[in-house]
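Novice: Kindly generate the corresponding structure for this input.
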Amino acid sequence: MNSRNRTSAALTLAVVPIAVVMSLYCPDGSAAPIILNPSFETDTFTNGPGGTVAQNFAISSWLDNSAIDVGINPFWTSRPTNPAGSPHADNGAIPDGDQVAFLRDTATLSQSIDGFEVGKTYKISYFENNRSGTHAPGGLKVSIDGTVIVADHATAAVGGANSYRFVTSDPFTATNTTHALTFGSTSGADKSVLIDNITIAEPGLVANWKFDETSGQVAVDSAGLSNGQLGNTAGVDTRDPTIDQLGKFGRAYSFDSSQNDLVALGANVGNFSGFDIGSITGWFNTNSTPRGALLSYRENSTNDRLILEMDVDGKLRFIVREANSNQTELKTIATFDDGEWHHMAVTQDGAATTLFVDGTEITAFDTSTNSGAWFDDITSANGMSIGWEGRANAANVPFDGLLDDFAVFDVVLTTEQLSNVINFGAENFNAENVNIIPEPSTLALTTFGLLGLLAWRRRRRG
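Specialist: Now for the predicted structure:
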């Protein structure tokens with residue numbers, strides 16, 4: 001899948017017959033790495049004026065190198081209803097629970113994590129923000145055993161009640177069962193970096209909207225981080241897609257372009273902002289020709305966006321646009337507005353984008369501009385949706401038709417993984433030991449044949 005290893009010939013993935021059973025990839029029983037006190041909720045700091053470790057006590061399960069430059073905000077007079085103060089965490093919506101940790105100057109916060117499996121690949125994810133006003137921007141880097149996995153970068157304040165930024169590290173391979181995770185401030189005096197909700201996992205599926213709901217207003221993300229909202233409001237409205245339709249896997253959503261139907265994902269923009277490589281997959285079915293967005297990740301007031309869409313001529317198009325210029329634009333020659341289910345996949349390896357339709361790599365395009373641009377290049381993203389583009393200066397670009405099993409991965413899917421996604425659904429991208437069961441008619445013929453053979457052998461023996 002990596003562009004540096006692609007041949008000029010189109011790659012076609014095998015599509016397995018529908019009647020299959022499979023055993024899914026399962027953990028081998030080894031302990032998974034666990035970060036203790038990952039959202040800094042264990043302790044209650046009550047002393048100010050800053051809520052530092054020096055004014056209170058050490059943060060449970062974490063080691064710091066400067067008690068006056070590390071702490072928890074807000075600190076409390078009577079938890080959790082009466083925060084006494086939050087001078088450092090003074091903006092943004094806290095991602096998980098009531099508290100965040102802050103680091104300033106050159107402070108570090110570290111933890112020794114057990115449970116790694118030697119040879120396996122992992123990633124660290126977390127949410128970050130910065131103290132506002134003259135205390136921004138700060139700086140932060142993240143390392144494992146001294147090896148940097150998130151490069152030193154500025155951490156501007158998100159402002160207001162906006163979401164903290166979601167950051168995912170470079171993948172790293174465990175060389176021991178225990179590794180030291182360190183967050184290091186590079187901010188300078190009184191420029192506080194805020195961190196929260198730290199997780200560790202193997203790279204893979206980060207969002208999966210199966211569209212299997214039969215009621216309600218929530219498009220559930222089975223990966224657990226990015227639930228969507230049907231329509232334009234939390235209640236029922238005219239822009240809700242029609243749920244509980246026959247899909248490629250289970251159920252699907254039907255989108256009506258005349259109503260500008262959408263699944264709103266704007267609250268989850270920060271969950272994708274750190275991705276510089278990965279994959280997007282999903283199924284679509286349309287016999288309509290209006291231009292329509294399948295998935296849109298954007299800055300609402302400008303043309304900056306990452307978008308998968310059906311163009312007005314029925315061709316599939318993928319665009320990443322920043323600074324008023326298309327960094328990537330791939331548009332197929334073939335049309336797909338034929339009322340049949342089609343699978344699309346886009347992968348980005350950091351150097352180039354690859355587009356697949358129905359398991360076949362597209363190598364010839366109507367329009368082709370290619371680059372390493374991905375989610376992280378939409379630097380001011382504040383909107384995201386499925387079925388509708390949503391930019392303020394766009395003509396809505398609503399999709400008309402059925403959508404099913406949309407997913408985002410933070411890895412470049414291999415040939416085998418993409419085949420699994422097509423045949424068994426995105427959540428089973430790591431399926432293995434797939435066993436084909438014959439279709440019923442074939443199974444019946446095989447059974448009768450075996451019975452006949454046994455009868456013939458019995459007659460021979462008699």
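
Novice: switch to C-alpha atoms for all contacts and neighbour counts from now on
Specialist: OK.

Novice: Quick one: find the helix or strand in this protein with the lowest mean pLDDT.
Specialist: strand 20-23 (a mean of 34; mean pLDDT, DSSP states H and E).

Novice: ok, which stretches of the stretch 301-450 of the chain are strands?
Specialist: Here the stretch 301-450 of the chain has its strands, by DSSP state E, counting those that start in this stretch, at 305-310, 315-322, 325-335, 341-348, 353-357, 360-361, 365-369, 383-386, 401-409, 432-436.

Novice: from the chain's centre, how far out does the longest one sit?
Specialist: In this view, strand 325-335 has its centroid 23 Å away from the chain centroid, taken as Cα atoms, centre = their mean, to the nearest Å.

Novice: For it, which outside residues touch it?
Specialist: Outside strand 325-335, the residues that touch it by Cα atoms under 8 Å, 6 or more residues apart in numbering are 313-321, 353, 355, 362, 364-373.

Novice: Rounded mean pLDDT for it, please.
Specialist: Strand 325-335 shows a mean pLDDT of 95.

Novice: How about the first one?
Specialist: Model confidence over strand 305-310 averages 95 on the pLDDT scale.

Novice: helices or strands next to it in the packing?
Specialist: In terms of contacts (3 or more Cα pairs under 8 Å, 6 or more residues apart in numbering; DSSP states H and E), strand 305-310 is packed against strand 292-298, strand 315-322.

Novice: and the shortest one, which strands flank it?
Specialist: When sheet partners are counted by DSSP bridges, strand 292-298 sits next to strand 305-310 (antiparallel), strand 383-386 (antiparallel).

Novice: Please spell out which residues along that strand are buried.
Specialist: 292-298 (16 or more other Cα atoms under 10 Å).

Novice: Please identify the most buried of the strands paired with strand 292-298.
Specialist: Comparing the strands paired with strand 292-298 by mean neighbour count (mean count of other Cα atoms under 10 Å), strand 305-310 comes out on top with a mean of 27.

Novice: who touches that one?
Specialist: The contact list for strand 305-310 (Cα under 8 Å, 6+ apart) reads 289-299, 316-322, 374-375, 378, 381, 389, 399.

Novice: Tell me where the chain has helices.
Specialist: Using DSSP state H, the helices found in the chain span residues 415-424, 440-461.

Novice: For the ones you listed, which has the smallest mean pLDDT value?
Specialist: helix 440-461 (a mean of 44).

Novice: so residue 128 touches residue 195, yeah?
Specialist: Yes - at 4.6 Å, residue 128 counts as touching residue 195 under the criterion of Cα atoms under 8 Å.

Novice: and the protein, what are its domains?
Specialist: 3-16+204-429, 63-201 (automatic domain parsing).

Novice: Which of the ones you listed sits closest to residue 53?
Specialist: Nearest to residue 53 among the domains of the chain is domain 63-201 (4.9 Å), distances taken as Cα to Cα.

Novice: List the buried residues for stretch 165-183?
Specialist: 165-172, 174, 178-179, 181-183.

Novice: quick one: which of the residues you listed is nearest residue 142?
Specialist: residue 183 (4.7 Å).

Novice: Just give the closest residue to the closest one, not the sequence neighbours.
Specialist: residue 142 (4.7 Å; Cα to Cα, 6 or more residues apart in numbering).

Novice: hang on, isn't the one you found packed against residue 184?
Specialist: Yes - at 6.2 Å, residue 142 and residue 184 qualify as touching, with contact defined as Cα under 8 Å.

Novice: quick one: stretch 177-187 to chain centroid distance?
Specialist: So, by Cα atoms, centre = their mean, the centroid of stretch 177-187 is 24 Å from its chain's centroid.

Novice: in the stretch 1-150 of the chain, which spans are strands?
Specialist: Assigned by DSSP E, counting those that start in this stretch, the strands in the stretch 1-150 of the chain fall at 20-23, 63-64, 70-73, 75-78, 82-85, 100-105, 108-114, 121-130, 138-144, 147-155.

Novice: List the beta-bridge partners for residue 83.
Specialist: Beta-bridge partners recorded for residue 83 (DSSP bridges): residue 76.

Novice: Buried ones in whichever strand in the chain runs longest, by neighbour count?
Specialist: The longest strand of the chain (DSSP state E) is strand 188-201. Neighbour counts over strand 188-201 (16+ other Cα under 10 Å) mark 190-200 as buried.

Novice: Stretch 373-387 too?
Specialist: Quick answer for stretch 373-387 (16+ other Cα under 10 Å): 373-378, 380-387.

Novice: same thing with stretch 131-151?
Specialist: By 16+ other Cα under 10 Å, the buried positions in stretch 131-151 come out as 131-132, 135-144, 148-150.

Novice: Among those residues, which pair sits farthest apart?
Specialist: 132 and 144 (28.4 Å).

Novice: picking that back up, JSON lines for the helices and strands packed on strand 305-310, including distance to residue 407 and mean pLDDT?
Specialist: JSON lines is the format used below for those (distance: least, Cα to Cα, whole Å; pLDDT from 0 to 100):
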{"stretch": "strand 292-298", "distance to residue 407": "10", "mean pLDDT": "95"}
{"stretch": "strand 315-322", "distance to residue 407": "15", "mean pLDDT": "95"}
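
Novice: residue contacts, the residue nearest to residue 309 when sequence neighbours are not counted?
Specialist: Take residue 309 and drop its neighbours on the chain: the residue closest to it by Cα to Cα, 6+ apart is residue 293, 4.1 Å away. When contacts are counted by Cα under 8 Å, 6+ apart, residue 293 is found next to 307-310, 386-389, 397-399.

Novice: could you give the mean pLDDT of stretch 86-96?
Specialist: Stretch 86-96 comes out at a mean pLDDT of 93.

Novice: to the chain's geometric centre, what's the distance from it?
Specialist: 24 Å.

Novice: what does stretch 398-412 give?
Specialist: 11 Å.

Novice: now swap in stretch 195-215 and tell me
Specialist: That offset, for stretch 195-215, works out to 6 Å (Cα atoms, centre = their mean).

Novice: go on, stretch 212-229?
Specialist: 14 Å.
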